[in-house]
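Asks: curious how this folds, go ahead:
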Amino acid sequence: MTTLNAKKVYIIGGPTAAGKSVVALYLAKRIQGEIVNCDSVQLYKHMDIGSAKPSRKDMAAVPHHLYGFVDPAHDITVAQYQKLAFEQIDEIISRGKTPIVVGGTGLYLNSLIYKMSFAAKPINLKRRSELEHLAAERGNEYLFELLSAVDPEAAARIHPNNLRKIIRAIEAYELGSKLESMDKLEPNTEYDFNINIISMDRKWLYTRINRRVDKLMDEGLLKEVEHLLEMGYNQDTPAMKGIGYKELISYLNGDITLDEAVKNIKTNTRHYAKRQLTWFKRYQSAHWIEIQRGQTVGNIVDNILETGK
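Replies: A predicted model of the protein is given here:
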């Protein structure tokens with residue numbers, strides 16, 4: 001239960017390509033709200049097309065926060081995101097506006113809606129040595145599968161061959177600094193979170209994903225990747241391991257054809273959307289909005305506002 005006078009915050013979550021950004025935009029216009037990003041890739045500079053960042057027109061229509069300000073070479077931890085997001089949320093509320101958090105990065109959302117502390121914890125060097133030994137004996141893929149089983153969100157952002165990051169993510173999970181069982185997490189009652197998960201028929205969602213990938217390619221995703229490589233970023237750059245970027249780097253390296261790269265982007269995006277849906281099903285207090293074909297955005301916003309009363 002939220003505390004008396006808790007601060008109202010709308011959350012618009014859901015899988016990629018479900019239409020979260022446009023719903024958040026319409027909602028913001030209706031309630032004089034401001035949008036706070038909760039998508040890990042949209043935090044980065046120079047990655048507008050591949051991350052499907054809101055357009056300049058949309059950003060001019062409604063204030064948007066935490067978009068395109070991080071260098072692609074830098075990692076943003078959950079703890080860093082939590083601090084930045086709450087600073088923006090509190091600043092928006094202080095001006096009498098309503099924050100609308102939108103995105104599909106589950107760990108980031110967890111850091112807001114649950115009481116999660118990120119105090120520094122000591123690294124277990126013995127455990128690190130054990131993990132390195134496991135990788136040497138069974139291969140990086142074995143450790144990657146271990147990580148995928150306990151923290152699929154982290155695994156989705158790490159290349160299966162990046163052993164250092166795989167081990168670091170497993171350590172973070174085991175130390176409880178990134179992911180805990182959601183039934184053990186205590187809700188953050190300082191804020192009145194109205195959690196809305198945008199969903200739709202799986203077949204329709206996958207069709208939308210395929211169309212979106214084609215649209216991103218038409219808008220110049222390949223040129224965006226080439227520009228990033230020209231700037232000095234490469235396949236080992238944290239942000240360049242994201243879906244859409246890593247596949248096109250493989251094409252540019254001559255490992256696969258362009259058609260294969262586009263096909264891989266679509267497949268990997270569909271798999272990611274499936275993992276996102278599995279993640280959001282754990283939010284017991286969430287309001288699920290199953291969008292129907294032909295349903296207007298205005299009707300969806302009406303639905304959100306009705307549940308938020």
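Asks: who does the closest residue to Gly13 other than its chain neighbours form a beta bridge with?
Replies: The shortest distance from Gly13 to any non-neighbouring residue, by C-beta to C-beta, 6 or more residues apart in numbering, is to Ile197 (5.1 Å). Where C-beta positions appear, they are placed from N, C-alpha and C, glycine not excepted. Taking DSSP bridges as the rule, Ile197 bridges to Gly13, Trp288.
Asks: thought Ile197 was touching Gly19?
Replies: No: using C-beta atoms under 8 Å as the test, Ile197 is too far from Gly19 to be in contact (12.0 Å).
Asks: more neighbours: which of the two?
Replies: Here Ile197 and Gly19 are compared on neighbour count by other C-beta atoms under 10 Å; more neighbours surround Ile197, at 23 against 18.
Asks: from Gly244, how far off is the residue nearest the centre of the chain?
Replies: Residue closest to the average C-alpha location in the chain (C-alpha atoms, centre = their mean): Thr105, at 2.4 Å. Distance, Thr105 to Gly244, by C-beta to C-beta, to the nearest Å: 15 Å.
Asks: re earlier: so how far is Val62 from the residue nearest to the centre of the chain?
Replies: According to C-beta to C-beta, Thr105 stands 21 Å off from Val62.
Asks: with Asn188 instead?
Replies: Relative to Val62, Asn188 is positioned 25 Å away (C-beta to C-beta).
Asks: dump the element among helices and strands of the chain having the smallest mean pLDDT to PDB, keeping only the CA atoms.
Replies: Least confident helix or strand of the chain, by mean pLDDT, DSSP states H and E, is helix 152-156 with a mean of 77. The C-alpha coordinates for helix 152-156 follow below in PDB (Å, rounded to 0.1, in the frame of the first residue of the first chain):
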ATOM      1  CA  PRO A 152      17.700 -12.800 -19.000                       C
ATOM      2  CA  GLU A 153      17.600  -9.000 -19.100                       C
ATOM      3  CA  ALA A 154      21.300  -8.700 -18.500                       C
ATOM      4  CA  ALA A 155      22.000 -11.600 -20.900                       C
ATOM      5  CA  ALA A 156      20.100  -9.800 -23.600                       C
END
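Asks: pull the distance from that helix to the chain's centre.
Replies: With C-alpha atoms, centre = their mean, to the nearest Å as the basis, helix 152-156 stands 10 Å off its chain's centre.
Asks: all helices of the stretch 151-300 of the chain, in order?
Replies: For the stretch 151-300 of the chain, the helices defined by DSSP state H, counting those that start in this stretch cover 152-156, 163-174, 202-219, 221-230, 245-252, 258-280, 297-307.
Asks: off-centre distance for the longest one?
Replies: Put plainly, it is helix 258-280. Per C-alpha atoms, centre = their mean, the displacement of helix 258-280 from the mean C-alpha position of its chain is 13 Å.
Asks: next, the angle helix 297-307 makes with the helix or strand harbouring Leu27.
Replies: Assessed by DSSP states H and E, Leu27 sits inside helix 20-31. Relative orientation of helix 20-31 and helix 297-307, computed by axes from the mean of the first three to the mean of the last three C-alpha atoms, to 10 degrees: 70 degrees.
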